[in-house]
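> quick one, what's the 3D model for this:
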Amino acid sequence: MEGKGLLFTYRLPSFSTDFNPIEKLWRNTKKNATHLKYFKTFEDLRESVLAAFGRYMCNAAEVIRVMKKLRSSAELQLLVDSFSEK
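Below is the predicted model of the structure:
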């Protein structure tokens, strides 16, 4: 961790799905729109995924909740990492 003043930089692994917000939204989308569901056509699958995206667009609270949870877990991980470096 390097920093001066109020700006800090943190090195993250190049592929860190735990810290990538879109991965959390994709996981929720798959869980709500596609998991354990049968789609007769690709269009049916597409409509289900688009409906999930529509819910995100109409209800930003869901997206914000995912981001807050991600931020909390990232801050906790950074705190743990800072103690393990000492």
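> so where do the helices sit in the protein?
Secondary structure of the chain (DSSP state H): helices located at 21-29, 42-58, 60-85.
> residue 10: which of those is closest?
Closest to residue 10 of the helices of the chain, according to CB to CB: helix 60-85, at 6.3 Å. Heads up, the C-betas are built off the backbone N, CA and C, glycines and all.
> picking that back up, tell me which of the helices of the chain sits most buried.
Among the helices of the chain, ranked by average contacts under mean count of other CB atoms under 10 Å, first place goes to helix 21-29 (a mean of 15).
> show me what that one is packed up against.
Counting contacts by 3 or more CB pairs under 8 Å, 6 or more residues apart in numbering; DSSP states H and E, helix 21-29 is packed against helix 42-58, helix 60-85.
> can you give me the angle it makes with helix 42-58?
Interaxial angle, helix 21-29 versus helix 42-58 (axes from the mean of the first three to the mean of the last three CA atoms, to 10 degrees): 120 degrees.
> mean confidence (pLDDT) on helix 21-29, please.
Averaged across helix 21-29, the pLDDT comes to 82.
> likewise for stretch 66-79?
Here the average pLDDT along stretch 66-79 is 68.
> mind checking how far the closest residue to residue 37 other than its chain neighbours is from residue 32?
Using CB to CB, 6 or more residues apart in numbering and skipping the chain neighbours, the partner closest in space to residue 37 is residue 48 (7.0 Å). According to CB to CB, to the nearest Å, residue 48 stands 9 Å off from residue 32.
> ok, residue 21 next?
Distance of residue 21 to residue 32, computed by CB to CB: 17 Å.
> ok, now residue 67?
When distance is defined by CB to CB, residue 67 is 17 Å away from residue 32.
> now do residue 64
Separation of residue 64 from residue 32 (CB to CB): 17 Å.
> please consider this matter closed, and thank you.
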